[in-house]
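# prediction below, plus the sequence it came from.
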Amino acid sequence: MINLSYIKLKGKVIDNYTSTLKGWHNKMVNWEDMHKPMSDSRIQYSCYSWRNGCKTGINFDRSKQNCLCLDVDSGMSIQKFQKMFSKYTYILGTTKNHMKDKKGLIVDRFRAVIKAINIPDDDLVYFRTLELLAPFNDAQTLTKTASFLGNDNAMIIRNNGKSLDLHKIGLVAKEQIEQEKLEREANKIDKDLLSNSYGFSVEMVKEQITREVVIDVLESIGVEFNSIGKCRLREDENTFSAKVYESGYVKDYGSDDMSGDVFHILMELEGMTFIEAVRYVRNYI
């Protein structure tokens, strides 16, 4: 049995924040039945839960988590994934864009649910663990609102083995985070100059942010844009009242609190810390 959070949707669904915000349920699913949500385009599922059935960072809950959901959009073939995780129990399902041209790439695209034990309780350590375990993983899985839409035509691949033990890699993740904290304190580094684990400084990330990058980031977390490039950031608004300028600055004409750079928007909508937001944006540059 695995713990699954899900929502059943009506009709053809475009995965956006508004349509999948509320109505989430939590249930235990027989492992043998896990292919069903992965093969149903009306179901969106997650290994996370959200209190009150509302998928927001504030309501994020991993207290019952006993599996991992990976989303592979490029950089890892199914064959290589199978070899890497050959010892573990997983179920893999291809997505609707599998082996289709997307931004000039025709590659394997799939999602995988892996049984796991000793999952870190601390959210920061958990997301770093996930990042270390699967650097090929799509950045969307590193958010507190990560969820996945099933695919009616999914090719399903199962593997039987043991549960993936995250104890050791979790210790590495915790040690990395603690070491970074000590280095910041020792050198009194301002957070805006902090280098991430890949050697890029925050300033370098900021310099490469464009309007197109901001739009890609916002769309990845479900923000909906209309035909003239305006978007909706607040769940209680009915009009497209926000605009992304060429500089990357986001102005919500209905709320000053929701206006700012892309890091501010991610912190507001996804509940990220500043450094988590930088790490997320980095994947779209």
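Alright, I've got the coordinates.
# where does pLDDT dip in this structure?
Flagging of the chain using pLDDT under 70 yields the residue ranges 11-18, 184-200.
# show me where the protein has its helices.
35-38, 78-84, 123-133, 167-187, 202-207, 211-220, 262-270, 274-282 (DSSP state H).
# and of these, who's closest to Leu21?
Of all those, it is helix 262-270 that lies closest to Leu21, at 10.9 Å by C-beta to C-beta. For every residue, glycine as well, the C-beta is placed using N, CA and C.
# by contact count, what packs against the closest one?
helix 211-220, strand 250-252, helix 274-282 (3 or more C-beta pairs under 8 Å, 6 or more residues apart in numbering; DSSP states H and E).
# list of residues touching the longest one?
In this structure, residues lying in contact with helix 211-220 by C-beta atoms under 8 Å, 6 or more residues apart in numbering are 139-140, 225, 229, 231, 244-248, 250, 262, 265-266, 280-281, 284-285.
# put the buried members of those into a PyMOL selection.
Selecting only the buried entries of these in PyMOL, with 16 or more other C-beta atoms under 10 Å as the criterion:
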select buried, resi 139+140+225+231+244+248+250+262+265+266+280+281+284
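# Ile157: what's its closest spatial neighbour, skipping adjacent residues?
For Ile157, ignoring the flanking residues on the chain, the nearest one in space by C-beta to C-beta, 6 or more residues apart in numbering is Leu92 at 4.3 Å.
# correct me if wrong: that neighbour contacts Ile114.
No. Counting by C-beta atoms under 8 Å, Leu92 stays clear of Ile114, with 9.3 Å between them.
# related to what we said a few turns ago, as a markdown table, the helices of the chain with distance to Lys64 would be great.
Formatted as a markdown table, the helices of the chain follow (distance: least, C-beta to C-beta, whole Å):
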| stretch | distance to Lys64 |
| --- | --- |
| helix 35-38 | 17 |
| helix 78-84 | 26 |
| helix 123-133 | 14 |
| helix 167-187 | 18 |
| helix 202-207 | 34 |
| helix 211-220 | 26 |
| helix 262-270 | 21 |
| helix 274-282 | 23 |
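# which among those is found nearest to Arg62?
Among those, the nearest to Arg62 by C-beta to C-beta is helix 123-133 (7.0 Å).
# quick one: that closest one to helix 167-187, angle?
Interaxial angle, helix 123-133 versus helix 167-187 (axes from the mean of the first three to the mean of the last three C-alpha atoms, to 10 degrees): 110 degrees.
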